[in-house]
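Enquirer: Below: sequence and its predicted model.
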Amino acid sequence: MTPAAPEAFADFLGISDRRILVTGASSGIGRATAILASRHGAKLALVGRRVDALSAVRGSLHGDGHLIYEFDLSDTDGIPSLVNRIAEDFGGLDSVVHAAGIHSARPLRAIDTDHLDLVLHSNVTTGFMLAKGFRNKRISKVRPSMVLVSSVMACVGQPGVSAYAASKGAVSAATKSLALELERDGIRVNCVEPGIVMTEMTETLKATVGEENFATINTAHPLGLGKPEDVANAIVYLLSDAASWVTGTSLVVDGGYTAQ
């Protein structure tokens, strides 16, 4: 049998014309995911708090038909309506990537209930409400999937980030149950657990922990600190038809951090 021509495998991801909502799209992993998905022909709905930053990202996308939505995810009760509005504007919605969230390095002695509420609300509650909106049976979907962004802090310990680790552990745990619950609607749910990736958020962490401690964090990643594109590659894979038999999993993308 003659092997198939290489071009026959060019679209093995199968996300061309897929309609994808990305939160946290103005920077970091969200921005990198949107750009990569657009290269594969997807249509993006970029969600964030800063219109100027979202507009800049849209200008970096391949193709046309991409939309931007200024929205503060702290308005959790409004998230399902936002998802429905995006689906109406797009004529349907096929995938959701939840890359928005906050990182918090704060020792236990400095944690109070307001801080805990903020971290859990930002990193956990928002994902549940996105899933609730996306599940709406009135939304037209094509091989739907959802990817949440967790962290390696969900599976390893580190001093000073207990609240953050708890929130990301909740994301990873919820992924499994959401995958089973939404399977009846044909929706796959997965998450990625990145190590330290050089983003604007990481620069804040660097300033918080100091140069010496940050150097130790860098050394703890055998392949070095990651780039947003490293995580975006994993996210787009999980969204794609290439991952059609993958649901309820947490994919670690950490440059070997958890291998030690």
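Expert: Cool, the structure landed.

Enquirer: any idea of the pLDDT on the residue nearest the centre of the chain?
Expert: In the chain, the C-alpha nearest the mean C-alpha coordinate belongs to residue 99, at 3.1 Å (CA atoms, centre = their mean). As predicted, residue 99 sits at a pLDDT of 97.

Enquirer: distance of it from residue 64?
Expert: 22 Å (CB to CB, to the nearest Å). Using the backbone N, CA and C atoms, a C-beta is placed for each residue, glycine as well.

Enquirer: what does stretch 97-104 contact?
Expert: 20-25, 28-30, 33, 47-48, 73, 115, 118-119, 122-123, 126-127, 130, 146-149, 161, 163-164, 167, 201-202, 204-205, 235, 239 (CB atoms under 8 Å, 6 or more residues apart in numbering).

Enquirer: mind listing what's buried in it?
Expert: 97-101, 103-104 (16 or more other CB atoms under 10 Å).

Enquirer: Looking at those, which is nearest residue 140?
Expert: When the buried residues of stretch 97-104 are compared for distance to residue 140 (CB to CB), residue 97 comes out closest, at 18.4 Å.

Enquirer: which ones are touching residue 194?
Expert: 29, 149-152, 226, 230-231, 253-254.

Enquirer: got any ranges where the stretch 1-150 of the chain has weak pLDDT?
Expert: Low-confidence segments of the stretch 1-150 of the chain, defined by pLDDT under 70: 1-11.

Enquirer: what are the ranges of the helices in it?
Expert: Under the criterion DSSP state H, counting those that start in this stretch, the stretch 1-150 of the chain contains helices at 28-39, 51-60, 79-90, 113-120, 126-135.

Enquirer: tell me the most buried of the ones you listed?
Expert: Most buried of these by mean neighbour count (mean count of other CB atoms under 10 Å) is helix 28-39; its value is a mean of 24.
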